[in-house]
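**Q** below are the sequence and a predicted model for it; my questions follow.
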Amino acid sequence: MTAGSTGAAYADDLRDLLGLGVPPIAITFAAAVPADVPGFGGTMPAPTADGRTGVVSAGCVFWMRGTERTFSTVAADHANCSVGSYTHGFKALADVVGNADVQALLSVGWVSPEAAMQIPTLANKPEAVVYGPLAEAGQAPDIVFLRINGKQLMLLNDAWPALRFEGKPQCHIIPVALNTGEVTVSSGCMLSRVRTGMSNNEVTCAIPWTKLPDLIEKLKQAGKADYQAAAYAADDAKRFA
């Protein structure tokens, strides 16, 4: 298989095995802006008093757009959200802690200063981040990113009991998965849900590319047992109709 066909095959596997309603996306961190991938485009609104602006309100919005087309982004595109700029390695914590959005989150107790200090970030600063449908991936990405519902999370956990569960901020599952190699799920965060419009029925999962082949095989095995259990439960329930 070529790299592109591998991406397409894995996208089909994930869709079929999990019953995905949202296509999986590929996320790649690049040391240089790729010449063969179009930029996201768009215009930036006037900056806030602390200088923040970007082409979208937060980098997590790119997860939504990445189901539609492949595009590259740079630090400035993400810069309206200080939290995402930090977790994706574009800025150091010291660069963003005084920004109005961070101060607003601290002032309402959404996150404590101590917890903010522990939020993971990428080990290496990228020059660009590429997003797009996994089915279109022309080379192996770093992360395969899923938006899943409760049943799909159940199927994932049956196949991969070592799932790592995280909370807010939602975007930090990207550096966790990339830095540790763990398949990582986030319950989501209010900041991201509002900015992305993501369904309240969805959570997110970041899968390191290197773990994807093994995960697919385990999903196939666990899925057989799950569907046999479902058939038994459905048949047994007929006695109570």
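**A** The structure has been received and is ready for your questions. Because the structure is predicted, anything quoted here is derived from the model rather than measured.
**Q** for Glu114, what are its contacts?
**A** Not one residue lies near Glu114 by CB atoms under 8 Å, 6 or more residues apart in numbering. From N, CA and C alone the C-beta is placed, and that goes for glycine too.
**Q** so where's the longest helix in the protein?
**A** helix 212-237 (DSSP state H).
**Q** helices or strands next to that one in the packing?
**A** Helices and strands in packing contact with helix 212-237 are listed as helix 3-18, helix 150-159; criterion 3 or more CB pairs under 8 Å, 6 or more residues apart in numbering; DSSP states H and E.
**Q** now those in JSON lines, with distance to Asp77, mean neighbour count and mean pLDDT?
**A** Below are those laid out as JSON lines (distance: least, CB to CB, whole Å; neighbours: other CB atoms under 10 Å; pLDDT from 0 to 100):
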{"stretch": "helix 3-18", "distance to Asp77": "23", "mean neighbour count": "18", "mean pLDDT": "84"}
{"stretch": "helix 150-159", "distance to Asp77": "29", "mean neighbour count": "17", "mean pLDDT": "96"}
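**Q** out of the ones you listed, nearest to Thr121?
**A** Closest approach to Thr121 among the helices and strands packed on helix 212-237 (CB to CB): helix 150-159, 25.1 Å.
**Q** in its sheet, what does the following helix or strand past the closest one sit against?
**A** Where DSSP states H and E defines the elements, the next helix or strand beyond helix 150-159 is strand 164-166. Looking at strand 164-166 with DSSP bridges, its partner strands are strand 184-186 (parallel).
**Q** coming back round to it: mind putting the helices and strands packed on helix 212-237 in a markdown table, distance to Val33 included?
**A** Formatted as a markdown table, these follow (distance: least, CB to CB, whole Å):
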| stretch | distance to Val33 |
| --- | --- |
| helix 3-18 | 20 |
| helix 150-159 | 33 |
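**Q** to Pro126, which of the ones you listed lies closest?
**A** helix 3-18 (19.7 Å).
**Q** just checking, what packs against that closest one?
**A** strand 143-148, helix 150-159, helix 212-237.
**Q** pLDDT value on the residue lying closest to Gly167 once chain neighbours are set aside, please?
**A** Sequence neighbours aside, Ser187 is the residue nearest to Gly167 in space, at 5.3 Å (criterion: CB to CB, 6 or more residues apart in numbering). Looking at Ser187, its pLDDT reads 95.
**Q** could you check how far Ser187 is from Ala237?
**A** Going from Ser187 to Ala237 by CB to CB, to the nearest Å gives 30 Å.
**Q** out of these two, which sits in the busier spot?
**A** Neighbour count, other CB atoms under 10 Å: between Ser187 and Ala237, Ser187 has more, with 13 against 9.
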